[in-house]
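> no sequence for this one, just the structure:
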């Protein structure tokens, strides 16, 4: 008799938490790649501090956001999953979208867990006001909600809007938090566990 090897354990290892990185990528691509017209407006709201950032007559803004693909948005800390805001000396004012997964609960299928997905939109208070009485965090929230509410995402399932609330962090920063219930689908294309392989608690004959 021998204990199953670490290779067997690795191949039979399973946890729905392992899908979070794939879910994160799916959501960012949905917001900033798959819906180009809306994603360009989101980029302007995050990157351009001017109250005229959504004015289509400002062609220079269109040229500026062409520099920001998904990778540069992440490197520039405009979109984040780590709940920490970092500031450098002489850095331009930014707006942020923080993506969070929380409140995981079991489902009928043990391979998946439903959860809450939150988008925390944080903007400098001095840059909230835009043209025509618009507010920057509300505009960002409206585009996120328009794209994500009732969306069916591979590996995540259906997103259902459950609420939003304003948050003020300090005298400089504040915004709004959107929350969605993510109901994971049985059609998740995650790698299936091979049940024919013994788990780590099992033994095999030599």
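Received the coordinates, thanks. Keep in mind it's a predicted model, so treat the numbers as computed, not measured.
> how far is stretch 56-65 from where the chain is centred?
Using CA atoms, centre = their mean, to the nearest Å, the mean C-alpha position of stretch 56-65 is found 25 Å from that of the whole chain.
> Now do the helices in this protein.
For the chain, the helices defined by DSSP state H occupy 6-12, 20-32, 36-47, 59-65, 70-75, 136-148.
> tell me the mean pLDDT for the shortest one?
Along helix 70-75, the predicted confidence averages to a pLDDT of 94.
> list the buried ones in that helix?
Going by neighbour count (16 or more other CB atoms under 10 Å), the buried part of helix 70-75 is residue 73. All C-beta spots, glycine's among them, are computed from the backbone N, C-alpha and C.
> again, but for the second one
Buried positions in helix 20-32, judged by neighbour count with 16+ other CB under 10 Å: 23, 24, 26, 27, 28, 30, 31, 32.
> Looking at those residues, which is nearest residue 83?
residue 24 (13.6 Å; CB to CB).
> Look up how far residue 128 lies from that closest one.
Distance of residue 24 to residue 128, computed by CB to CB, to the nearest Å: 27 Å.
> How about residue 78?
Going from residue 78 to residue 128 by CB to CB gives 17 Å.
> for residue 149, same thing?
On the measure of CB to CB, residue 149 and residue 128 end up 23 Å apart.
> cool, residue 167 as well?
Between residue 167 and residue 128 the computed distance is 13 Å (CB to CB).
> now swap in residue 116 and tell me
26 Å.
> again with residue 58
For residue 58, the distance to residue 128 - CB to CB - is 19 Å.
> ok, now residue 179?
Distance of residue 179 to residue 128, computed by CB to CB: 21 Å.
> Now the most centrally placed residue in the chain: closest residue in space that isn't a chain neighbour?
Residue closest to the mean C-alpha point of the chain, counted by CA atoms, centre = their mean, is residue 99 at 3.9 Å. Using CB to CB, 6 or more residues apart in numbering and skipping the chain neighbours, the partner closest in space to residue 99 is residue 81 (5.2 Å).
> Can you give me every residue that contacts the one you found?
The contact partners of residue 81, by CB atoms under 8 Å, 6 or more residues apart in numbering, come to 24, 98, 99, 100.
> The first one contacts residue 100, doesn't it?
No - with contacts counted by CB atoms under 8 Å, residue 24 stays clear of residue 100, the gap being 10.0 Å.
> got the buried residues of helix 20-32 as JSON lines, with distance to residue 175 columns?
JSON lines is the format used below for the buried residues of helix 20-32 (distance: CB to CB, whole Å):
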{"residue": "23", "distance to residue 175": "22"}
{"residue": "24", "distance to residue 175": "20"}
{"residue": "26", "distance to residue 175": "23"}
{"residue": "27", "distance to residue 175": "18"}
{"residue": "28", "distance to residue 175": "18"}
{"residue": "30", "distance to residue 175": "20"}
{"residue": "31", "distance to residue 175": "16"}
{"residue": "32", "distance to residue 175": "18"}
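> Sweet, I'm off.
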